[in-house]
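In: no sequence for this one, just the structure:
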């Protein structure tokens, strides 16, 4: 029997049927049309309005109106909350179908939010839907599903290697019927948005428990006393205001005991639930980013001449373009394969597939964007193309939700496990050695 | 509408259903069992017998008996001639189903021939089945399908860059009702086998015709007077006798006019037909070779210790293993995708997919085998493991049936073609430039 | 005879004596000390002051006072204008000696200017010193050498591929005794600095002349009417204000005929003169940047733990560190080798060496910084380490002063030229082929 | 003070004077001439004679006569035993001067032996010269220096990971005044040569001693009873007969106590002495191999046409050639730098430099040869060019004398050691964090 996940060379069942379902096709087409007709036309205006604003951590006059207008249209058209499979709300698509749509969303900086499919809200909504109490759902899930508020997820800490989640140091101590939280978090994306009202915070509740049961996840409203925004972390010099990647300090922050999600010591369990989809959603969108970069590279390569030929036909450039296309197609198939595995076997069982795409995709997409930059010359690093911003975003992904190294390790360890108890030597021992491999 | 081939991000139809068909599942399972029970047990003996033979260009006593015994069992079990889709003979599988089986064949040096699925016979049989006359089929296709004789395909020439097929220089001149052939070919694989009776030879028949109609393909029996084996070409120092990669000289070789395949000047047309399947069959088997290399790497890595840990857990080795696994899965999906494209749209339409896998797979499989060698230390380059031979075979593939560069070029050119007539500039021209991408 | 440049395997003369000269040793040591004692202590304060300023394109109160204080000390200590070899002023060092010092300057963002060795002033001063008239020297070179004003070099244009310098489109037409300049330039580094008073501008003066004599270089004071700053170009989202990389428009800009440098149509000649040193100075500083990145990577790797070990000892990290060290040492030697070649044979003769280091160094330094970022986790892309800014700077270098591709081409073409007229075939022709290489 | 080895950015002394000494220049020129006039002309004949021989493990009639004739001329011309610096015999060159000559030797398969500079004799002679007794020198060193006999070095074992030298399992037990040796070794290069008379064997003498004092090195004449050649190990399918890479078994082999080198338990000490020069000699010759591969690549690339252009100007090929040239020059400088370090500080102190070049050079030279193969098409893997054999040799080097991984580890560990006791954090701790790096 093949180990769960990646190791089977054959898939006799449906695991390799990676086609979009018939029912999703009209949705997919509607999304493509909606982005072209509704989102792309407001994108430049949205950011141009933002350029002139006086306070980086608010929206400029007119920005939210623009955005909310498009969101309302999307919702009315049923292009909304695609990300949540098998939800009671009935809205979500299968991971496989969503993968096709998310790749389209990945080509546009505004599209994900316009369709209420943007991180970190999607992961937070999924957690609330799966493990939230009725009260928690009413209070936070509902407005999130409606796109009325936004949210954040506070996990990474500045003073420990957060790649090892057991290092989480922010403490939560039960004090009567309240949790008392102290600690520091950074790179809390979206926490700068004035609409962000709620955070899920990873805390250490049981420092003396077994290593994987010391952590919990807890709901902390942004406006709770003691929650302080220390500053904005930058990404390659940009603060992505007003969304922001905030540096937060928790000083004697008190929340009701009922804000605990799922139960004390079950933080890792929730992470398993959340990080699978979160990671693959990122990778789905990365496919779209890579497609966009390749398109820009080819267009520029055909439209600029040097030394008597279009850049695209000079030196290695045609091969660079070919390699990008091949990389994109192979990443796309891997993402679809992982999404399909999640649909068929559940997030836990499919986690090795998810780690495989998380380890594979952002690094290669960075490389493709980098090549696109090179073909653009100085314009490639400028504000005249989206490439530099796309690079920063994909480069960040190599660190977010587990750095590449953690995911390589997950995949490698699974491979070792297959053979670990099988000590038949790979090379025949002395005395049994022939020369059989002198043949072809 | 997406361009033919690779460019669509969506496949609403069946193009991405990469599952094995239900009817092929029992065949696949039977093949795995057959290799384990019948082929693997004779492999070491087969090559050991060969070690002692006096003439490199014959088989040793007992070798053919051993092989023919297994072939007879395979044929009786219906595990035979899988490679030929939609043939009148009714034997072949779809390219997709065959891809799964071929990957298994690629793990064993003898399995392909045992199931009558070995190159270059498969390509030759496909050509004869598709374009041969009734007489040609009776004379050559039948014994090939029966596994009674073997064949060769003579294309590459020593004195020109054969990557550009228009360079073919071996001439064929019609002299009465015979073609008179003169020229030199090398790396004619299988031409050393005493059972090889027939060759398909690429010749130049119309040096003054349009560039792609100067070449023809013609049947030349090995024993035709004037066909001379000049010597055996080596592959990294090995001659792969008795199969061999022969250097041939054609001196006033005469064959009947009726030996011409399809018609004078249609050599390229036949190549299109043949090379698609030939290339993808190679790549399917390469997946199996990569799986084998990874298995050997992991087993060795777990069974050897240095500096107090198993090699597999030292330094970068776990990551090397993880990357190999991810590469293999992505190559597997790409090969299945290309096979599916051939099934659905035909070889010509799917040629960009075929070039994509031919450009992608052998180079990466070489890299995986090379890593496996490194983990094995000196044993990795020795006759005690199959790795050095596997490396040589995969390295050769990067040159055979079109070097990597030709295939990158096919894929890159297809990408350029999509945008070539669309001169909208990638970067807005002066005067329309905002700063829209200073946003995230 | 070896071709000039790179091709000799032997250097019997002094070409491979890469040691610092005895006379430069005390200067080198003084520079190291000066940076540690004078520059490093003001760096944080200098940038912190800048954070609070109201106008991005000016300095904040106190910033220039801080900087000028250190510059005065440097000048008093004789640590000034090292970059100019064989100058009448007697100040410069040999390229080889300067390479050692420049590597130290490359570790600090402020050090180059503190010692009056910062781009693009160094290149401009070299041009003025080599080809300027007495009057030009008095008016512009003197205050530059004194560090009282700053300068810019305007070459790249937004609407053409500037990698092919023949594409320069900004026109200069002689109108009476004035040149009338029209056109657009972008990424003009330093043109945002309020102290920037003079530009050297590459213009097309003779559109009908031979391809390499159509261009000229001309002095244009920043405050000339018609010179307009259209905006600030960004580098990965940063504008590097107030230095800036400006987008300029020239509308009927008039300068006296005497502002022409060297003579009409001699722009390429000046480029040869300027770009050699400019490029290698960048690469020298890049070595320092790589050293800094490696130091940060190792320190972080030793001071963070995950999964029970310091990051530096997890997985592939020790090897990553080793490879960075080896890359740095080999780049350092190549830069020294190129600098030595310039000293011994002149800039023109050494141009292939210069292209070799320009093609080699920035790409590899980017890779080293990227690895350092990965070891830092999120902090690596943040404002808490210099890594993201260093990455952006080195990535820019792969495009500035000729993109990588141009330099690979220069080196490759030189290699081809060695053999081009020598048509002895690499492989013996048919008939003379033995099997000599079946031996070891 | 910089750590020993690699870490200083400055070399104020002679460490970076990498020029050949004046006295070596005429020797170098004589060697180049000698190879061209005496060695190259016999090379093809020497191997052609070998093709026809009946016994792979002897020389054919005429082979040794040919070789010995050239050796006699070399010795008479003083082109002999260059490898041994500071020897009492007075013959050797400095490591730096020898590096230049060894690169020339590396271009020819016969040249090293013709000048009595071939492995493993050079290492064995160095060991005997440094630590041999007068008697050992008379008996073994003298005929080796005269080129009358050949020798082998037996270290690697088939059943343990020999990358960790502490794993050596072949035992030597003192029995009266004899050592009794039992064990198995493989890949003992040169042990197949009928002229090979003496081996230095690494044995475990003190299994209970401290880990690095358990091993000893001992002289074992090839014809000692109990020394059995089990078979010939292959390298990518080749046995390199009659030199050979033999698999040996030691069964109750007895040698006099006086055959122990330096003293019981001092095997590692001798390894330090031997492996430094051995490794760098390999790398010096690898530079020559890379030069040869590049020359072949360029010549072939200029002399073959496809798609209307010489291969060298198609696609990425010019860049491939440029990168090879840049790699070669940087490797050459690194090898010279390491050789110079050995000359100035001794082998032990320079060991990190030696590991750096051993880790760097063979892997990159493999890559260059691989590119040369690709440009040659099928001829590149054939016996018509030396490329396949060169590839196998360089690939083997990545495993011999310590696999790459061991050497990366040595270099990486040295880098870590520099900072290990310095716990100042790389990123300022919370509370001291500014935003200083938001500047350029």
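Out: Structure received. Since the model is a prediction, treat every value here as computed from it, not as a measurement.
In: ok, which stretches of the stretch 1-150 of chain A are helices?
Out: For the stretch 1-150 of chain A, the helices defined by DSSP state H, counting those that start in this stretch cover A:25-34, A:40-51, A:63-76, A:95-105, A:111-114, A:121-131, A:134-136, A:142-145.
In: can you list those in a markdown table and add mean neighbour count, distance to chain D and mean pLDDT?
Out: Placement of C-beta: from N, CA and C, glycine included. Listed next are these as a markdown table, based on neighbours: other C-beta atoms under 10 Å in any protein chain shown; distance: least, C-beta to the nearest C-beta, whole Å; pLDDT from 0 to 100:
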| stretch | mean neighbour count | distance to chain D | mean pLDDT |
| --- | --- | --- | --- |
| helix A:25-34 | 17 | 35 | 94 |
| helix A:40-51 | 17 | 19 | 92 |
| helix A:63-76 | 16 | 24 | 97 |
| helix A:95-105 | 26 | 29 | 95 |
| helix A:111-114 | 24 | 27 | 96 |
| helix A:121-131 | 23 | 26 | 93 |
| helix A:134-136 | 12 | 32 | 96 |
| helix A:142-145 | 18 | 31 | 96 |
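In: can I get the ones you listed in TSV with distance to residue C:84?
Out: Output for the helices of the stretch 1-150 of chain A, formatted as TSV (distance: least, C-beta to C-beta, whole Å):
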stretch	distance to residue C:84
helix A:25-34	59
helix A:40-51	42
helix A:63-76	52
helix A:95-105	55
helix A:111-114	54
helix A:121-131	58
helix A:134-136	70
helix A:142-145	63
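In: which one of these lies closest to residue D:46?
Out: helix A:95-105 (62.0 Å; C-beta to C-beta).
In: contacts for the closest one, please.
Out: For helix A:95-105, contacts defined as C-beta atoms under 8 Å, 6 or more residues apart in numbering or on different chains pick out A:18, A:20-21, A:24, A:27-28, A:31-32, A:35, A:82-83, A:85, A:92-93, A:111-112, A:115, A:117, A:277, A:280-281, A:284-285, A:287-288, A:291, A:332, A:335-336, A:339-340, A:342-343, B:9-10.
In: so where's chain A uncertain?
Out: Along chain A, segments meeting pLDDT under 70 span A:1-13, A:87-90, A:421-440.
In: what residue spans form the domains of it?
Out: A:14-149, A:151-261, A:268-419 (automatic domain parsing).
In: buried deepest among those domains, which one?
Out: When you average the neighbours per residue for each of the domains of chain A (mean count of other C-beta atoms under 10 Å in any protein chain shown), domain A:268-419 leads with a mean of 23.
In: that one near chain D at all?
Out: Yes. Under the criterion of C-beta under 8 Å from any C-beta of the partner chain, chain D is reached by domain A:268-419 at A:315-316, A:318-319.
In: re the thing from before, now the domains of chain A in TSV, with distance to residue B:265?
Out: Below are those laid out as TSV (distance: least, C-beta to C-beta, whole Å):
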stretch	distance to residue B:265
domain A:14-149	41
domain A:151-261	59
domain A:268-419	29
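In: tell me where the stretch 251-400 of chain A has helices.
Out: Assigned by DSSP H, counting those that start in this stretch, the helices in the stretch 251-400 of chain A fall at A:267-303, A:317-345, A:351-376, A:387-397.
In: tell me if the shortest one is near chain C.
Out: Same thing as helix A:387-397. Yes. Judged by C-beta under 8 Å from any C-beta, helix A:387-397 comes into contact with chain C through A:388-389, A:391-392, A:395-396.
In: now for residue A:175: which residues touch it?
Out: When contacts are counted by C-beta under 8 Å, 6+ apart, residue A:175 touches residue A:254.
In: okay, it and residue D:40: tell me how far apart.
Out: 88 Å (C-beta to C-beta, to the nearest Å).
In: do the same with residue A:202
Out: For residue A:202, the distance to residue D:40 equals 70 Å [C-beta to C-beta].
In: and what of residue A:315?
Out: Applying C-beta to C-beta, the value for residue A:315 to residue D:40 is 35 Å.
In: kindly report the same for residue A:284.
Out: 60 Å.
In: could you look up the SS state of residue A:187?
Out: strand (DSSP: H, G, I helix; E, B strand; the rest coil).
In: what residues are up against it?
Out: Applying C-beta under 8 Å, 6+ apart to residue A:187 gives the contacts A:156, A:233, A:245-247, A:400, C:378, C:382.
In: report the two of those separated the most.
Out: Greatest spatial distance among the contacts of residue A:187 (C-beta to C-beta): A:247 and A:400, at 15.5 Å.
In: got the residues of the stretch 151-300 of chain A near chain B?
Out: Within the stretch 151-300 of chain A, the positions adjacent to chain B are A:238, A:240, A:243, A:287-288, A:291, A:294-296, A:298-300 by C-beta under 8 Å from any C-beta.
In: so which of the residues you listed are also by chain C?
Out: Of the residues in these, proximity to chain C by C-beta under 8 Å from any C-beta holds for residue A:238.
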